[in-house]
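Engineer: Attaching a predicted model along with its sequence, questions to come.
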Amino acid sequence: MMGSINFVVLWTDSLIYLLLGMVLLFTLWVRRHEHLRAPWGRVIQRPINVVAILILSTFVCLGLMDSIHFRHKKGIPSQNVNSQEIVSVLDVLLNPIATHQETSYSAPFATHLFTKTAILKPDGSLLRGYPRLQFGGAHLGSVDRKGKDIVRLAALSLIETLVMAAAFTGIAIIIISFKLKKPVKNTLTLILKKEGSFPWRSFFLTLYFIIFCVWFVYNMMPFYHILGTGKVGEDVLYQTLKSIRTGLVIGTLTTLIMLPFAVMLGIMAGYFRGILDDVIQYVYTTLSSIPGVLLIAAAVLTLQVVMNRHMNVFDTMIERQDARLLALCMILGITSWTGLCRLLRGEALKLREAEFVLAAKSLGVGNFKILFRHLLPNVMHIILISVALDFSGLVLAEAVLSYVGVGVDPTTYSWGTMINSARLEMARVPVVWWSLAAAFIFMFTLVLTANIFADALRDAFDPRYHE
(Lines give C-alpha, C1' and ligand atoms only; values in the text may rest on other atoms or scores of the structure.)
Protein backbone atom coordinates (compact mmCIF):
# COMPACT_ATOMS: atom_id res chain seq x y z
CA MET A 1 0.00 0.00 0.00
CA MET A 2 2.82 2.38 0.91
CA GLY A 3 4.43 1.67 -2.46
CA SER A 4 1.39 3.08 -4.23
CA ILE A 5 1.71 6.42 -2.43
CA ASN A 6 4.02 9.25 -3.47
CA PHE A 7 4.54 11.73 -0.65
CA VAL A 8 4.57 15.37 -1.70
CA VAL A 9 6.26 18.08 0.39
CA LEU A 10 4.97 21.58 -0.28
CA TRP A 11 6.97 24.66 0.64
CA THR A 12 4.80 25.39 3.65
CA ASP A 13 5.00 21.73 4.67
CA SER A 14 8.79 21.85 4.75
CA LEU A 15 8.76 25.00 6.87
CA ILE A 16 6.23 23.42 9.23
CA TYR A 17 8.49 20.38 9.64
CA LEU A 18 11.44 22.72 10.27
CA LEU A 19 9.46 24.60 12.90
CA LEU A 20 8.37 21.33 14.51
CA GLY A 21 12.00 20.19 14.66
CA MET A 22 13.03 23.48 16.28
CA VAL A 23 10.28 23.08 18.89
CA LEU A 24 11.44 19.54 19.69
CA LEU A 25 15.07 20.68 20.04
CA PHE A 26 13.95 23.57 22.26
CA THR A 27 11.96 21.13 24.41
CA LEU A 28 14.98 18.87 24.86
CA TRP A 29 17.12 21.89 25.74
CA VAL A 30 14.59 23.06 28.34
CA ARG A 31 14.42 19.61 29.94
CA ARG A 32 18.19 19.70 30.54
CA HIS A 33 18.11 23.00 32.47
CA GLU A 34 16.31 23.32 35.78
CA HIS A 35 16.09 27.13 35.63
CA LEU A 36 14.22 26.82 32.31
CA ARG A 37 11.92 24.01 33.46
CA ALA A 38 10.71 26.00 36.46
CA PRO A 39 8.85 28.72 34.47
CA TRP A 40 7.21 26.10 32.24
CA GLY A 41 6.12 24.33 35.41
CA ARG A 42 4.34 27.51 36.48
CA VAL A 43 2.55 27.65 33.11
CA ILE A 44 0.74 24.35 33.72
CA GLN A 45 -0.23 24.99 37.33
CA ARG A 46 -3.48 26.84 36.56
CA PRO A 47 -6.45 24.82 35.24
CA ILE A 48 -7.40 27.36 32.57
CA ASN A 49 -3.88 27.20 31.12
CA VAL A 50 -4.03 23.40 30.87
CA VAL A 51 -7.41 23.61 29.14
CA ALA A 52 -6.03 26.14 26.64
CA ILE A 53 -2.94 24.00 25.95
CA LEU A 54 -5.03 20.90 25.26
CA ILE A 55 -7.35 22.76 22.88
CA LEU A 56 -4.37 24.35 21.11
CA SER A 57 -2.76 20.91 20.82
CA THR A 58 -5.92 19.62 19.14
CA PHE A 59 -5.78 22.42 16.56
CA VAL A 60 -2.08 21.72 15.99
CA CYS A 61 -2.70 17.98 15.47
CA LEU A 62 -5.39 18.73 12.87
CA GLY A 63 -3.06 21.20 11.15
CA LEU A 64 -0.20 18.67 11.09
CA MET A 65 -2.44 15.96 9.62
CA ASP A 66 -3.41 18.42 6.90
CA SER A 67 0.30 19.08 6.24
CA ILE A 68 1.15 15.49 5.23
CA HIS A 69 0.42 15.47 1.50
CA PHE A 70 0.69 12.66 -1.01
CA ARG A 71 -0.39 11.45 -4.41
CA HIS A 72 -1.90 8.01 -4.89
CA LYS A 73 -0.40 6.31 -7.96
CA LYS A 74 -3.63 4.56 -8.87
CA GLY A 75 -5.95 7.21 -7.50
CA ILE A 76 -8.38 6.76 -4.63
CA PRO A 77 -11.61 5.34 -5.99
CA SER A 78 -13.53 5.77 -2.73
CA GLN A 79 -12.75 9.48 -2.86
CA ASN A 80 -12.98 9.84 -6.63
CA VAL A 81 -9.42 11.22 -6.58
CA ASN A 82 -7.09 10.75 -9.53
CA SER A 83 -3.38 10.09 -9.29
CA GLN A 84 -2.43 13.69 -10.10
CA GLU A 85 -4.42 15.27 -7.28
CA ILE A 86 -2.61 16.04 -4.04
CA VAL A 87 -4.47 15.07 -0.88
CA SER A 88 -3.59 15.11 2.82
CA VAL A 89 -4.04 12.67 5.67
CA LEU A 90 -6.86 14.85 6.98
CA ASP A 91 -8.64 14.55 3.62
CA VAL A 92 -8.54 10.77 3.95
CA LEU A 93 -9.86 10.85 7.53
CA LEU A 94 -12.65 13.22 6.51
CA ASN A 95 -13.51 11.18 3.43
CA PRO A 96 -17.31 11.07 4.01
CA ILE A 97 -17.82 14.82 4.36
CA ALA A 98 -15.15 15.55 1.74
CA THR A 99 -17.04 13.64 -0.93
CA HIS A 100 -20.68 13.98 0.18
CA GLN A 101 -21.48 17.10 -1.79
CA GLU A 102 -25.04 18.35 -2.19
CA THR A 103 -26.43 20.73 -4.81
CA SER A 104 -26.84 23.82 -2.61
CA TYR A 105 -27.44 25.08 0.93
CA SER A 106 -28.63 22.78 3.68
CA ALA A 107 -28.93 23.56 7.40
CA PRO A 108 -27.02 21.61 10.10
CA PHE A 109 -28.34 18.04 10.45
CA ALA A 110 -30.91 18.76 7.71
CA THR A 111 -32.47 16.11 5.48
CA HIS A 112 -33.76 18.55 2.84
CA LEU A 113 -32.27 21.45 0.88
CA PHE A 114 -32.59 24.88 2.43
CA THR A 115 -33.88 26.52 -0.75
CA LYS A 116 -36.79 25.61 -2.99
CA THR A 117 -35.99 24.03 -6.33
CA ALA A 118 -37.92 22.28 -9.07
CA ILE A 119 -38.72 18.67 -8.18
CA LEU A 120 -39.57 16.19 -10.93
CA LYS A 121 -42.53 14.06 -9.86
CA PRO A 122 -43.03 10.45 -11.06
CA ASP A 123 -45.75 11.57 -13.47
CA GLY A 124 -43.32 13.96 -15.19
CA SER A 125 -44.70 17.19 -13.73
CA LEU A 126 -42.58 19.76 -11.91
CA LEU A 127 -43.19 20.92 -8.35
CA ARG A 128 -41.29 23.58 -6.42
CA GLY A 129 -40.28 22.35 -3.01
CA TYR A 130 -37.44 21.28 -0.72
CA PRO A 131 -35.95 18.06 -2.17
CA ARG A 132 -34.26 15.41 -0.02
CA LEU A 133 -30.50 15.64 0.28
CA GLN A 134 -28.43 13.10 -1.59
CA PHE A 135 -26.34 12.20 1.48
CA GLY A 136 -27.69 14.04 4.55
CA GLY A 137 -30.08 11.67 6.33
CA ALA A 138 -30.29 9.45 3.25
CA HIS A 139 -30.15 6.32 5.43
CA LEU A 140 -33.40 7.26 7.17
CA GLY A 141 -36.51 5.52 5.95
CA SER A 142 -38.64 8.32 7.38
CA VAL A 143 -37.64 11.88 8.22
CA ASP A 144 -39.52 11.55 11.51
CA ARG A 145 -36.78 9.20 12.73
CA LYS A 146 -34.08 11.88 12.47
CA GLY A 147 -34.27 13.03 16.09
CA LYS A 148 -34.03 9.49 17.49
CA ASP A 149 -31.19 8.67 15.11
CA ILE A 150 -29.16 11.71 16.17
CA VAL A 151 -29.73 10.83 19.85
CA ARG A 152 -28.66 7.22 19.13
CA LEU A 153 -25.42 8.31 17.46
CA ALA A 154 -24.69 10.84 20.20
CA ALA A 155 -25.28 8.17 22.87
CA LEU A 156 -22.97 5.81 20.99
CA SER A 157 -20.29 8.52 20.94
CA LEU A 158 -20.74 9.06 24.68
CA ILE A 159 -20.42 5.34 25.43
CA GLU A 160 -17.28 5.05 23.32
CA THR A 161 -15.85 8.09 25.09
CA LEU A 162 -16.60 6.64 28.54
CA VAL A 163 -14.96 3.33 27.64
CA MET A 164 -11.86 5.08 26.32
CA ALA A 165 -11.84 7.46 29.30
CA ALA A 166 -12.01 4.58 31.78
CA ALA A 167 -9.13 2.77 30.08
CA PHE A 168 -7.01 5.89 29.75
CA THR A 169 -7.70 7.01 33.34
CA GLY A 170 -6.72 3.63 34.73
CA ILE A 171 -3.44 3.55 32.82
CA ALA A 172 -2.69 7.20 33.69
CA ILE A 173 -3.33 6.66 37.41
CA ILE A 174 -1.02 3.65 37.47
CA ILE A 175 1.74 5.62 35.69
CA ILE A 176 1.29 8.66 37.97
CA SER A 177 1.33 6.44 41.08
CA PHE A 178 4.54 4.81 39.90
CA LYS A 179 6.22 8.18 39.27
CA LEU A 180 5.03 9.71 42.55
CA LYS A 181 5.71 6.46 44.46
CA LYS A 182 2.26 6.58 46.02
CA PRO A 183 -0.55 4.02 46.28
CA VAL A 184 -3.20 4.10 43.54
CA LYS A 185 -5.85 5.11 46.08
CA ASN A 186 -3.86 8.18 47.15
CA THR A 187 -3.27 9.18 43.52
CA LEU A 188 -7.00 8.94 42.78
CA THR A 189 -7.73 11.13 45.81
CA LEU A 190 -5.12 13.64 44.62
CA ILE A 191 -6.82 13.91 41.23
CA LEU A 192 -10.38 14.15 42.55
CA LYS A 193 -9.59 16.74 45.22
CA LYS A 194 -7.32 18.89 42.97
CA GLU A 195 -4.33 18.42 45.25
CA GLY A 196 -0.81 18.83 43.95
CA SER A 197 0.79 21.27 41.53
CA PHE A 198 -0.86 19.96 38.35
CA PRO A 199 -4.64 20.34 37.74
CA TRP A 200 -5.30 16.71 36.84
CA ARG A 201 -9.09 17.01 37.02
CA SER A 202 -9.21 19.85 34.47
CA PHE A 203 -6.77 17.93 32.28
CA PHE A 204 -8.87 14.76 32.20
CA LEU A 205 -12.23 16.53 31.78
CA THR A 206 -10.94 18.60 28.86
CA LEU A 207 -9.27 15.60 27.25
CA TYR A 208 -12.47 13.54 27.48
CA PHE A 209 -14.54 16.38 26.06
CA ILE A 210 -12.18 16.54 23.06
CA ILE A 211 -12.40 12.74 22.66
CA PHE A 212 -16.21 12.96 22.74
CA CYS A 213 -16.18 15.64 20.03
CA VAL A 214 -13.92 13.44 17.86
CA TRP A 215 -16.17 10.38 18.27
CA PHE A 216 -19.29 12.50 17.70
CA VAL A 217 -17.94 13.82 14.39
CA TYR A 218 -16.67 10.37 13.39
CA ASN A 219 -20.06 8.73 14.01
CA MET A 220 -22.15 11.55 12.53
CA MET A 221 -20.26 12.54 9.39
CA PRO A 222 -21.16 9.46 7.26
CA PHE A 223 -24.87 10.24 7.74
CA TYR A 224 -25.33 13.99 8.31
CA HIS A 225 -23.85 17.37 7.46
CA ILE A 226 -23.12 18.42 11.04
CA LEU A 227 -22.64 22.11 10.23
CA GLY A 228 -24.69 22.14 7.03
CA THR A 229 -23.50 22.81 3.49
CA GLY A 230 -22.56 25.93 1.53
CA LYS A 231 -23.70 27.50 -1.72
CA VAL A 232 -22.24 24.78 -3.94
CA GLY A 233 -23.19 22.02 -1.50
CA GLU A 234 -19.76 21.54 0.11
CA ASP A 235 -19.77 20.47 3.74
CA VAL A 236 -19.14 23.44 6.07
CA LEU A 237 -17.45 21.30 8.73
CA TYR A 238 -14.95 20.11 6.11
CA GLN A 239 -14.25 23.72 5.07
CA THR A 240 -13.80 24.76 8.70
CA LEU A 241 -11.42 21.92 9.60
CA LYS A 242 -9.37 22.49 6.44
CA SER A 243 -9.11 26.18 7.37
CA ILE A 244 -7.26 25.31 10.58
CA ARG A 245 -4.02 24.66 8.70
CA THR A 246 -4.20 28.05 6.98
CA GLY A 247 -4.64 29.84 10.32
CA LEU A 248 -1.78 27.92 11.93
CA VAL A 249 0.53 28.46 8.94
CA ILE A 250 -0.12 32.21 8.96
CA GLY A 251 0.40 32.41 12.72
CA THR A 252 3.55 30.28 12.95
CA LEU A 253 5.46 30.60 9.69
CA THR A 254 5.07 34.37 9.70
CA THR A 255 6.71 34.35 13.12
CA LEU A 256 9.49 32.09 11.84
CA ILE A 257 10.20 34.58 9.04
CA MET A 258 9.90 37.63 11.28
CA LEU A 259 12.08 36.48 14.20
CA PRO A 260 15.56 36.76 12.56
CA PHE A 261 14.88 40.39 11.55
CA ALA A 262 13.43 41.38 14.91
CA VAL A 263 15.91 39.58 17.18
CA MET A 264 19.17 40.39 15.41
CA LEU A 265 18.40 43.98 14.50
CA GLY A 266 16.82 44.70 17.90
CA ILE A 267 19.65 43.51 20.13
CA MET A 268 22.33 44.85 17.76
CA ALA A 269 20.72 48.32 17.77
CA GLY A 270 20.52 48.38 21.57
CA TYR A 271 23.99 46.96 22.16
CA PHE A 272 26.11 48.77 19.57
CA ARG A 273 24.13 52.04 19.50
CA GLY A 274 25.72 54.81 17.38
CA ILE A 275 25.20 54.89 13.62
CA LEU A 276 23.95 51.29 13.46
CA ASP A 277 21.24 52.12 15.99
CA ASP A 278 20.22 55.20 14.00
CA VAL A 279 19.97 53.24 10.74
CA ILE A 280 17.90 50.43 12.28
CA GLN A 281 15.60 52.93 14.00
CA TYR A 282 15.13 54.77 10.72
CA VAL A 283 14.24 51.54 8.90
CA TYR A 284 11.62 50.28 11.38
CA THR A 285 10.20 53.77 11.96
CA THR A 286 9.75 54.26 8.22
CA LEU A 287 8.21 50.81 7.82
CA SER A 288 5.86 51.39 10.76
CA SER A 289 4.67 54.70 9.31
CA ILE A 290 3.29 53.02 6.17
CA PRO A 291 -0.30 51.73 6.62
CA GLY A 292 0.10 47.99 6.99
CA VAL A 293 -3.00 46.96 5.04
CA LEU A 294 -2.03 49.13 2.05
CA LEU A 295 1.54 47.79 2.02
CA ILE A 296 0.37 44.17 2.23
CA ALA A 297 -2.34 44.74 -0.40
CA ALA A 298 0.16 46.27 -2.82
CA ALA A 299 2.60 43.37 -2.34
CA VAL A 300 -0.11 40.69 -2.67
CA LEU A 301 -1.63 42.23 -5.80
CA THR A 302 1.80 42.54 -7.41
CA LEU A 303 2.50 38.92 -6.55
CA GLN A 304 -0.83 37.85 -8.01
CA VAL A 305 0.01 39.50 -11.35
CA VAL A 306 3.38 37.71 -11.43
CA MET A 307 1.79 34.34 -10.61
CA ASN A 308 -0.90 34.77 -13.27
CA ARG A 309 1.80 35.38 -15.89
CA HIS A 310 3.68 32.22 -14.89
CA MET A 311 0.87 29.71 -14.44
CA ASN A 312 2.95 26.97 -16.09
CA VAL A 313 5.27 26.91 -13.06
CA PHE A 314 2.60 25.21 -10.94
CA ASP A 315 1.56 21.66 -11.83
CA THR A 316 -1.53 21.59 -9.61
CA MET A 317 -3.92 24.06 -8.03
CA ILE A 318 -2.79 23.17 -4.51
CA GLU A 319 0.81 24.11 -5.38
CA ARG A 320 -0.39 27.50 -6.60
CA GLN A 321 -2.40 27.97 -3.40
CA ASP A 322 0.62 26.97 -1.33
CA ALA A 323 2.89 29.44 -3.15
CA ARG A 324 0.53 32.33 -2.49
CA LEU A 325 0.10 31.28 1.16
CA LEU A 326 3.88 31.18 1.63
CA ALA A 327 4.23 34.56 -0.07
CA LEU A 328 1.59 36.03 2.24
CA CYS A 329 3.53 34.68 5.25
CA MET A 330 6.71 36.31 3.95
CA ILE A 331 4.95 39.63 3.34
CA LEU A 332 3.39 39.61 6.80
CA GLY A 333 6.72 38.61 8.36
CA ILE A 334 8.67 41.38 6.64
CA THR A 335 6.10 44.00 7.66
CA SER A 336 5.44 42.85 11.26
CA TRP A 337 8.91 42.59 12.83
CA THR A 338 9.12 46.24 13.87
CA GLY A 339 7.20 45.94 17.15
CA LEU A 340 9.34 43.16 18.60
CA CYS A 341 12.50 44.85 17.30
CA ARG A 342 11.61 48.02 19.22
CA LEU A 343 11.02 46.03 22.43
CA LEU A 344 14.32 44.13 22.12
CA ARG A 345 16.23 47.33 21.40
CA GLY A 346 14.94 48.87 24.61
CA GLU A 347 15.82 45.77 26.64
CA ALA A 348 19.30 45.58 25.05
CA LEU A 349 19.94 49.24 25.97
CA LYS A 350 19.33 48.30 29.59
CA LEU A 351 21.27 45.02 29.55
CA ARG A 352 24.39 46.52 27.92
CA GLU A 353 25.01 48.39 31.17
CA ALA A 354 24.46 45.33 33.38
CA GLU A 355 27.35 44.09 35.49
CA PHE A 356 27.67 40.68 33.80
CA VAL A 357 27.98 42.35 30.35
CA LEU A 358 30.57 44.83 31.62
CA ALA A 359 32.50 41.94 33.22
CA ALA A 360 32.47 40.02 29.95
CA LYS A 361 33.80 43.08 28.11
CA SER A 362 36.59 43.54 30.64
CA LEU A 363 37.61 39.88 30.15
CA GLY A 364 37.97 40.46 26.41
CA VAL A 365 34.89 38.52 25.27
CA GLY A 366 33.92 39.43 21.70
CA ASN A 367 30.82 41.50 20.98
CA PHE A 368 28.97 38.77 19.10
CA LYS A 369 29.67 36.23 21.85
CA ILE A 370 28.17 38.70 24.31
CA LEU A 371 25.13 39.08 22.06
CA PHE A 372 24.47 35.33 21.81
CA ARG A 373 25.64 34.13 25.25
CA HIS A 374 24.47 36.98 27.48
CA LEU A 375 21.94 39.25 25.79
CA LEU A 376 19.90 36.72 23.80
CA PRO A 377 19.14 34.36 26.75
CA ASN A 378 18.08 37.35 28.87
CA VAL A 379 15.57 38.61 26.28
CA MET A 380 14.16 35.17 25.50
CA HIS A 381 11.14 35.76 27.77
CA ILE A 382 10.21 38.82 25.68
CA ILE A 383 10.54 36.81 22.47
CA LEU A 384 8.35 33.96 23.77
CA ILE A 385 5.65 36.30 25.05
CA SER A 386 5.64 38.40 21.88
CA VAL A 387 5.48 35.34 19.62
CA ALA A 388 2.50 33.95 21.54
CA LEU A 389 0.70 37.31 21.48
CA ASP A 390 1.44 37.93 17.79
CA PHE A 391 0.07 34.51 16.83
CA SER A 392 -3.55 35.42 17.53
CA GLY A 393 -3.11 38.80 15.86
CA LEU A 394 -1.79 37.16 12.69
CA VAL A 395 -4.70 34.68 12.58
CA LEU A 396 -7.12 37.61 12.76
CA ALA A 397 -5.06 39.54 10.19
CA GLU A 398 -5.43 36.67 7.69
CA ALA A 399 -9.19 36.68 8.19
CA VAL A 400 -9.38 40.44 7.62
CA LEU A 401 -7.11 40.36 4.55
CA SER A 402 -9.02 37.46 2.99
CA TYR A 403 -12.27 39.24 3.74
CA VAL A 404 -11.18 42.29 1.72
CA GLY A 405 -9.78 40.08 -1.06
CA VAL A 406 -6.01 40.51 -0.59
CA GLY A 407 -5.32 37.49 1.58
CA VAL A 408 -4.88 33.86 0.58
CA ASP A 409 -5.91 32.48 -2.80
CA PRO A 410 -9.73 32.54 -3.12
CA THR A 411 -9.73 28.75 -3.65
CA THR A 412 -7.79 28.16 -0.41
CA TYR A 413 -9.73 27.01 2.62
CA SER A 414 -9.56 29.70 5.30
CA TRP A 415 -11.85 31.31 7.82
CA GLY A 416 -11.39 34.64 6.07
CA THR A 417 -12.68 33.31 2.74
CA MET A 418 -15.58 31.64 4.56
CA ILE A 419 -16.53 34.93 6.21
CA ASN A 420 -16.12 36.73 2.90
CA SER A 421 -18.47 34.30 1.13
CA ALA A 422 -20.96 34.61 4.00
CA ARG A 423 -21.55 38.32 3.31
CA LEU A 424 -24.22 37.64 0.70
CA GLU A 425 -25.61 34.70 2.67
CA MET A 426 -26.42 36.98 5.61
CA ALA A 427 -28.54 39.15 3.29
CA ARG A 428 -30.75 36.24 2.28
CA VAL A 429 -34.22 35.66 3.68
CA PRO A 430 -34.18 33.33 5.54
CA VAL A 431 -30.58 33.88 6.67
CA VAL A 432 -27.90 31.28 5.92
CA TRP A 433 -26.04 31.67 9.21
CA TRP A 434 -24.13 28.42 9.76
CA SER A 435 -21.12 29.12 7.53
CA LEU A 436 -20.35 32.40 9.29
CA ALA A 437 -21.07 30.88 12.71
CA ALA A 438 -18.74 27.92 12.11
CA ALA A 439 -15.83 30.13 10.96
CA PHE A 440 -16.40 32.53 13.85
CA ILE A 441 -16.58 29.83 16.54
CA PHE A 442 -13.46 27.98 15.40
CA MET A 443 -11.45 31.18 14.91
CA PHE A 444 -12.67 32.56 18.24
CA THR A 445 -11.68 29.35 20.03
CA LEU A 446 -8.19 29.32 18.51
CA VAL A 447 -7.54 33.00 19.21
CA LEU A 448 -8.95 32.81 22.75
CA THR A 449 -6.85 29.80 23.73
CA ALA A 450 -3.77 31.38 22.13
CA ASN A 451 -4.31 34.55 24.18
CA ILE A 452 -4.76 32.53 27.38
CA PHE A 453 -1.54 30.67 26.64
CA ALA A 454 0.24 33.97 25.93
CA ASP A 455 -0.94 35.38 29.27
CA ALA A 456 0.32 32.24 30.99
CA LEU A 457 3.74 32.66 29.38
CA ARG A 458 3.86 36.30 30.43
CA ASP A 459 2.99 35.44 34.04
CA ALA A 460 5.58 32.66 34.13
CA PHE A 461 8.51 34.24 32.27
CA ASP A 462 8.28 37.99 32.83
CA PRO A 463 10.59 38.84 35.77
CA ARG A 464 8.39 41.77 36.80
CA TYR A 465 5.69 39.30 37.91
CA HIS A 466 8.09 37.59 40.33
CA GLU A 467 9.86 40.52 41.91
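Structural biologist: Perfect, I can see it now.
Engineer: Quick check: chain neighbours aside, which residue is closest to Trp200?
Structural biologist: If the residues on either side of it in the chain are set aside, Trp200 comes closest to Ile191, at 4.2 Å by C-beta to C-beta, 6 or more residues apart in numbering. Backbone N, C-alpha and C define where each C-beta goes, glycine included.
Engineer: so which helix or strand takes in the one you found?
Structural biologist: For Ile191, the enclosing helix or strand under DSSP states H and E is helix 184-192.
Engineer: Tell me the buried residues in the very next helix or strand once past that helix?
Structural biologist: Later in the chain than helix 184-192, the nearest helix or strand by DSSP H and E is helix 200-220. Within helix 200-220, the residues that qualify as buried are 200-208, 210-212, 215-217, 219-220, counting by 16 or more other C-beta atoms under 10 Å.
Engineer: and what of stretch 5-22?
Structural biologist: Neighbour counts using 16+ other C-beta under 10 Å place Val8, Leu10, Thr12, Asp13, Leu15, Ile16 of stretch 5-22 among the buried residues.
Engineer: Next, the buried residues of stretch 148-160.
Structural biologist: Neighbour counts using 16+ other C-beta under 10 Å place Asp149, Ile150, Leu153, Ser157, Glu160 of stretch 148-160 among the buried residues.
Engineer: same check, this time on stretch 277-288
Structural biologist: Quick answer for stretch 277-288 (16+ other C-beta under 10 Å): Asp277, Ile280, Tyr284, Leu287.
Engineer: Of those, which belong to helices?
Structural biologist: Judged by DSSP state H, helices contain the following of these: Asp277, Ile280, Tyr284, Leu287.
Engineer: Let me know the closest of those residues to Gly266.
Structural biologist: Using C-beta to C-beta, the shortest approach to Gly266 within those belongs to Ile280, at 8.0 Å.
Engineer: Let me see the contact set for the closest one.
Structural biologist: Remark: with contacts taken as C-beta atoms under 8 Å, 6 or more residues apart in numbering, Ile280 is in contact with Leu265, Gly266, Met268, Ala269, Cys341, Arg345.
Engineer: Among these, which one lies nearest to Gly405?
Structural biologist: Closest approach between those and Gly405, by C-beta to C-beta: Cys341, at 29.7 Å.
Engineer: Mind picking the two most distant members of the buried residues of stretch 277-288?
Structural biologist: In those, two members sit farther apart than any others by C-beta to C-beta. They are Asp277 and Leu287, at 16.0 Å.
Engineer: Can you give the distance of the helix ranked longest in the chain from its chain's centre?
Structural biologist: Criterion DSSP H: the longest helix present in the chain is helix 236-272. Computed by C-alpha atoms, centre = their mean, to the nearest Å, the chain-centroid distance of helix 236-272 equals 12 Å.
Engineer: same question, stretch 347-361
Structural biologist: Taking the mean of its C-alpha atoms, stretch 347-361 sits 38 Å from the chain's own mean (C-alpha atoms, centre = their mean).
Engineer: Report the buried residues of it.
Structural biologist: Glu347, Ala348, Leu351, Arg352, Val357, Ala360.
Engineer: Repeat that for stretch 452-464.
Structural biologist: Buried residues in stretch 452-464, defined by neighbour count with 16+ other C-beta under 10 Å: Ile452, Phe453, Ala454, Asp455, Ala456, Leu457, Arg458, Asp459, Ala460, Phe461.
Engineer: is it possible to export those residues to a markdown table including distance to Gly137?
Structural biologist: Output for the buried residues of stretch 452-464, formatted as a markdown table (distance: C-beta to C-beta, whole Å):
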| residue | distance to Gly137 |
| --- | --- |
| Ile452 | 38 |
| Phe453 | 39 |
| Ala454 | 42 |
| Asp455 | 43 |
| Ala456 | 43 |
| Leu457 | 46 |
| Arg458 | 48 |
| Asp459 | 48 |
| Ala460 | 49 |
| Phe461 | 51 |
